[in-house]
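In: my questions are about this predicted structure, shown below with the sequence.
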Amino acid sequence: MPDEMNMLYLLVALAFGYLLGSIPFGVIFTRMAGLGDIRKVGSGNIGATNVLRTGRKGLAAATLLGDALKGTAAVLLAARWGDQFATLAALGAFLGHLYPLWLKFKGGKGVATFIGVLIGLNWIAALIFAAIWLGVAFASRYSSLSALAASAATPVALWLLNAPEMAAMAVILVALLWWKHSENISRLLDGTEGKIGQKG
């Protein structure tokens, strides 16, 4: 019975994270600002990068912050019951952002939420992610390449920081993030990916 109850609580943590991660801040903020449906703008993505295409930097920043903090909040709230609960809540929040129930399971690419859950799980790993992102971005000026490189290093960082369960979960998150960036990867290989600050 205790094992069954523990499994139930773990599923609750996963579901809680998913529901929190499913909050589509990009959609909410742009509609509140009277800009209509962000899914009909630019790439159709609900994340901060596409919100920036509306020309509203404040809304893009708010979207980035909201998408990150929902991941952090899910992890920190679940962490009160232990690392296993925090790890599952992190997975749930990331899945919620990628495949939100409210948007017919069509969500964002997950970079901000990835950073958010990482802050909640292990802030040192989050700093490593940020350092790699900034380094690659400075060298290449490709935002997508920066996210791909930084995320790929995350499971290794968590393993070296003596967090093997979190590292194993991060492998799943990285695989999902790379899958959602498949079009970006194709453009990077073709040399047609847009660079940071590039117009059009």
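Out: Perfect, I can see it now.
In: what's the following helix or strand after the helix or strand of the chain with the lowest mean pLDDT?
Out: One helix or strand of the chain scores below all others by mean pLDDT, DSSP states H and E: helix 48-52, with a mean of 83. Next helix or strand after helix 48-52 toward the C-terminus (DSSP states H and E): helix 57-78.
In: so residue 91 makes contact with residue 172?
Out: Yes - judged on C-beta atoms under 8 Å, residue 91 makes contact with residue 172 at a distance of 6.6 Å. (Glycine included, C-beta is placed from N, CA and C.)
In: looking at the two, which one has more neighbours?
Out: residue 91 (23 against 14; other C-beta atoms under 10 Å).
In: from the middle of its chain, how far away would stretch 92-111 be?
Out: Relative to the mean C-alpha coordinate of its chain, stretch 92-111 is positioned 9 Å out (C-alpha atoms, centre = their mean, to the nearest Å).
In: hmm, I typed the wrong one, I wanted stretch 76-93.
Out: Going by C-alpha atoms, centre = their mean, the spacing between the C-alpha centre of stretch 76-93 and its chain's C-alpha centre is 15 Å.
In: what are the buried residues along it?
Out: 76-79, 84-93 (16 or more other C-beta atoms under 10 Å).
In: specify which member of those is nearest to residue 20.
Out: Nearest to residue 20 among these, counting by C-beta to C-beta, is residue 93 at 5.6 Å.
In: and the helices in this structure?
Out: Taking DSSP state H, the helices of the chain run over residues 2-21, 25-32, 48-52, 57-78, 83-98, 111-121, 123-140, 143-160, 164-180, 182-190.
In: what is the second one packed up against?
Out: Taking 3 or more C-beta pairs under 8 Å, 6 or more residues apart in numbering; DSSP states H and E as the contact definition, the neighbouring helices and strands of helix 25-32 are helix 48-52, helix 57-78.
In: name the residues of it that are buried.
Out: 25-30.
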